[in-house]
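[1] Attaching a predicted model along with its sequence, questions to come.
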Amino acid sequence: MGDFVKGTSTRPADTADPGRCQCGGDPPGTVPAGAEERFRGLLEAAPDAMVIVDDTGTIRLVNAQTEALFGYRREELLGHPVELLVPGRFRAHHTLHRDGYAANRQVRPMGAELELHGLRKNGTEFPVEISLSPLETADGLLVSAAVRDVSDRKRAEARINELAGLVESSQDAILAKTLDGEITYWNAAAQRLYGYTRAEVMGRHVSLLATTERREEIDTLLDRLRRGEKVEHFETLRLTRSGDLLDVDITLWPTRAPDGSVVGACAIVRDISDRKKAEEELTFLYEQQRHIALTLQRSLMGTPPAIPGLTTASRYRPATQGAGVGGDWFDLIPLGAGRVGVLIGDVMGRGLEAAAVMGQLRSAAHALAKTGMQPRQLMQSLETVVGDLDVPDQLVTCCYVVISADAGEVTVCSAGHLPTLVALPGSGAHQLEAPVNAPLGVGDVLYEQATAVIPPGATLVLYTDGLIETPGTDIEDQLGRLTATLADLFAGAPDLEVTADRVLAALLPDAEGHNDDVTLLLTRLPDAPLATAAIDLPAVPESVPEGRAFLSKALTSWDCAPTADDARLLLSEILTNAVQHAHGPIGLHVCRTTTELTVEISDHSTHLPRPRAATEDEESGRGLILVRALADDWGVRPTEAGKTTWFTLKL
């Protein structure tokens, strides 16, 4: 056997071996040559490094795997102590182990709970497992050592231990379960969260943690896991051992077998009760602040009055994102004599500053409009107001439209505002032609206006940019979409309230996702007056009785006799003032509706008369006081040519 192990014979070729059988067979203690070759073949085919040493620890035989594992050539190992393959710090201990094994020969399986290391030729160490087997030979004890490199396994075990430590020390509850819902793992955080010890839950169904009404939720989640789905950040309620309800965030993912099939599931559960409470408090505070801001804004916007004979529908939607207030406003201003002012504006920017500017501008615009001034004059005055506010870089878009129902006309002036649209039942919708003026706040702008004839029953559509300037869209495309929507809605004679809602639904399908205020105002022009009459008179005294006669004839034909005396008296006072103090020609225009009579006297003087208290010896100064006393309403408004004084009487 010694010759077999060494691989060469130790006897001279010509020396007779007394142990050899005379019949040609092998003597006792030797291995047949065929068996030796088979042994060597098996050794080389072994998957592990094989090292065979004698009882002195000398290496007698190695295979190719040993060369590959340790980095030595075979001839560098044969005949050398096996400690050559052992790190220096373990060699003394290894010698004692080897001697102990010689005294107690037995097969020791791979591993055997020993921490062993090998040493490569290049000096690097690596963990190994060694299986020892004693070989009794005629030449003495040999030991066969199967050496296996377990570096990868050790690294994997270390990683597993590291992950296990992380899982166990996690502040989030982590548990595992079968696809039937039986709990198979429960970390310390799960015990703290739910109050159950590991022993109390292992093997029990996970529905233990759900209220009765949420048991079906557990089944649904398990079905999703069986299909291989991952469930992320599922927020729900769970039940503790003491019966308390917890708001939790659960992430679940399927665990798989090596073949990819789903065999179970893991869950990370996080207590979000504090977060939910904080969110509720923040939501309450946000809603409270938003309510305060919107209340402030609506108080600044005011509530437009209901104007008899004028059908309107308005919608205001504050931005759902960002600050709760903005700079949108609109207003309806009764101007008398069947005329109505329609105003809409948008202060650029958001927040309380924009709302404050809006409130000041709305108040100023309303007061200026009540004077009866022309739209371009109002816009020119608002430009001055914006400049006086001393708000750097503040721009305001605004549009003012004056509706004159008896003339069937509208006069419009726009300061950089989006086009006003006109929708007529059965005739579609189009833009109202108006000069393009710069926004308020630019400075040194001469504002222009335009007058257009609009038939009774037509609807003016005014809006702010929040309706059509939405992220990711082109404003021209959105304007075209608004026009087309109105054309569809006005195919008949729609209700304006319903129309306003449908416009918002079409242009803003996401009611909770717009980041700018939205204002929409629909104003339907009133029906034409029942009758009108007009005449031009020279600025001479004879025009006073001529004007009274003209009025009397019109009132008689209109069956307005009860108001005839008051109407003639008031007309006389105003005509007399015009003849005495104004320039001709003097225009007399009379209009009758179902409810009132309106008389307008126009002249070419820009001087606006004002009531005053006359002394006892004065012959004049009482006319306008009389007008104010007898008329249901009266006023004076500037015109392009001069002024118009008017009064109305109820019928």
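    On my side now, so go ahead.
[2] where exactly do the helices run in the stretch 501-650 of the chain?
    543-557, 564-581, 623-630 (DSSP state H, counting those that start in this stretch).
[3] Make a markdown table out of those helices and add mean neighbour count, distance to Asp180 and mean pLDDT.
    (Glycine included, C-beta is placed from N, CA and C.) Formatted as a markdown table, the helices of the stretch 501-650 of the chain follow (neighbours: other CB atoms under 10 Å; distance: least, CB to CB, whole Å; pLDDT from 0 to 100):
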| stretch | mean neighbour count | distance to Asp180 | mean pLDDT |
| --- | --- | --- | --- |
| helix 543-557 | 17 | 96 | 93 |
| helix 564-581 | 19 | 95 | 90 |
| helix 623-630 | 16 | 92 | 84 |
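[4] Give me the distance between the two termini of stretch 410-422.
    End-to-end distance for stretch 410-422: 11 Å, by CA to CA, to the nearest Å.
[5] And the helices of the stretch 501-650 of the chain: which comes nearest Thr459?
    Closest approach to Thr459 among the helices of the stretch 501-650 of the chain (CB to CB): helix 543-557, 31.2 Å.
[6] Which elements pack onto that closest one?
    Applying 3 or more CB pairs under 8 Å, 6 or more residues apart in numbering; DSSP states H and E, we find helix 543-557 packed against strand 531-537, helix 564-581, strand 586-592.
[7] Rebuild those as JSON lines, extending it with distance to Gly457.
    Below are the helices and strands packed on helix 543-557 laid out as JSON lines (distance: least, CB to CB, whole Å):
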{"stretch": "strand 531-537", "distance to Gly457": "18"}
{"stretch": "helix 564-581", "distance to Gly457": "29"}
{"stretch": "strand 586-592", "distance to Gly457": "18"}
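[8] quick one: which of those is nearest Leu460?
    Closest to Leu460 of those, according to CB to CB: strand 586-592, at 20.9 Å.
[9] picking up where we left off before, mind giving me TSV with the helices of the stretch 501-650 of the chain and columns for distance to Ala458?
    As requested, the helices of the stretch 501-650 of the chain are exported to TSV (distance: least, CB to CB, whole Å):
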stretch	distance to Ala458
helix 543-557	28
helix 564-581	31
helix 623-630	34
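[10] Let me know which of those is the nearest to Glu217.
    Nearest of those to Glu217, taken as CB to CB: helix 623-630 at 75.7 Å.
[11] okay, now the nearest residue to Lys370 once chain neighbours are set aside: neighbour count?
    Of all residues not flanking Lys370 in the chain, Ile333 sits nearest, at 6.4 Å (CB to CB, 6 or more residues apart in numbering). Residues lying near Ile333 (other CB atoms under 10 Å) number 22.
[12] circling back: do you know which of the helices and strands packed on helix 543-557 lies nearest Ile601?
    Checking the helices and strands packed on helix 543-557 against Ile601 by CB to CB gives helix 564-581 as the closest, at 4.8 Å.
[13] Name all residues that make contact with Ser242.
    Gly195 (CB atoms under 8 Å, 6 or more residues apart in numbering).
[14] hey, where'd the strands end up in the stretch 251-400 of the chain?
    Ranges of strands in the stretch 251-400 of the chain, per DSSP state E, counting those that start in this stretch, are 262-271, 311-317, 326-336, 339-350, 396-404.
[15] Turn the ones you listed into JSON lines, including distance to Ser414 and mean pLDDT.
    JSON lines is the format used below for these (distance: least, CB to CB, whole Å; pLDDT from 0 to 100):
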{"stretch": "strand 262-271", "distance to Ser414": "56", "mean pLDDT": "92"}
{"stretch": "strand 311-317", "distance to Ser414": "19", "mean pLDDT": "90"}
{"stretch": "strand 326-336", "distance to Ser414": "14", "mean pLDDT": "88"}
{"stretch": "strand 339-350", "distance to Ser414": "10", "mean pLDDT": "88"}
{"stretch": "strand 396-404", "distance to Ser414": "4", "mean pLDDT": "94"}
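[16] Tell me which of those sits most buried.
    strand 396-404 (a mean of 25; mean count of other CB atoms under 10 Å).
[17] Dump that strand to CSV, restricted to CA.
    The C-alpha trace of strand 396-404 is given here as CSV (Å, rounded to 0.1, in the frame of the first residue of the first chain):
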residue,chain,number,x,y,z
VAL,A,396,-54.4,93.3,-13.8
THR,A,397,-56.6,92.2,-16.6
CYS,A,398,-60.1,93.6,-16.8
CYS,A,399,-63.1,93.8,-19.1
TYR,A,400,-66.0,96.2,-18.8
VAL,A,401,-69.1,95.9,-20.9
VAL,A,402,-72.1,98.2,-20.8
ILE,A,403,-75.3,96.8,-22.1
SER,A,404,-77.9,99.2,-23.5
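[18] Show me which helix runs longest in the chain.
    Determined from DSSP state H, the single longest helix within the chain is helix 273-301.
[19] how many degrees apart are it and strand 311-317 in direction?
    On the basis of axes from the mean of the first three to the mean of the last three CA atoms, to 10 degrees, helix 273-301 is oriented at 140 degrees to strand 311-317.
[20] Mind giving me the packing neighbours of helix 273-301?
    When contacts are defined as 3+ CB pairs under 8 Å, 6+ apart, helix 273-301 packs onto strand 245-256, strand 326-336, helix 352-370.
[21] Distance to Val147 for the ones you listed - can I get that in a markdown table?
    Listed next are those as a markdown table, based on distance: least, CB to CB, whole Å:
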| stretch | distance to Val147 |
| --- | --- |
| strand 245-256 | 34 |
| strand 326-336 | 80 |
| helix 352-370 | 80 |
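[22] so which of these is the most packed in?
    strand 326-336 (a mean of 23).
[23] Send me that strand as PDB with only the CA atoms.
    Taking Å, rounded to 0.1, in the frame of the first residue of the first chain, the C-alpha atoms of strand 326-336 are listed here in PDB:
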ATOM      1  CA  GLY A 326     -56.700  84.800  -5.600                       C
ATOM      2  CA  GLY A 327     -57.500  87.900  -7.500                       C
ATOM      3  CA  ASP A 328     -60.600  87.100  -9.600                       C
ATOM      4  CA  TRP A 329     -63.700  89.200  -9.300                       C
ATOM      5  CA  PHE A 330     -66.900  90.200 -11.300                       C
ATOM      6  CA  ASP A 331     -69.600  92.600 -10.800                       C
ATOM      7  CA  LEU A 332     -73.000  93.700 -12.200                       C
ATOM      8  CA  ILE A 333     -73.700  97.400 -11.900                       C
ATOM      9  CA  PRO A 334     -77.200  98.800 -12.600                       C
ATOM     10  CA  LEU A 335     -76.600 102.100 -14.400                       C
ATOM     11  CA  GLY A 336     -80.200 103.200 -14.800                       C
END
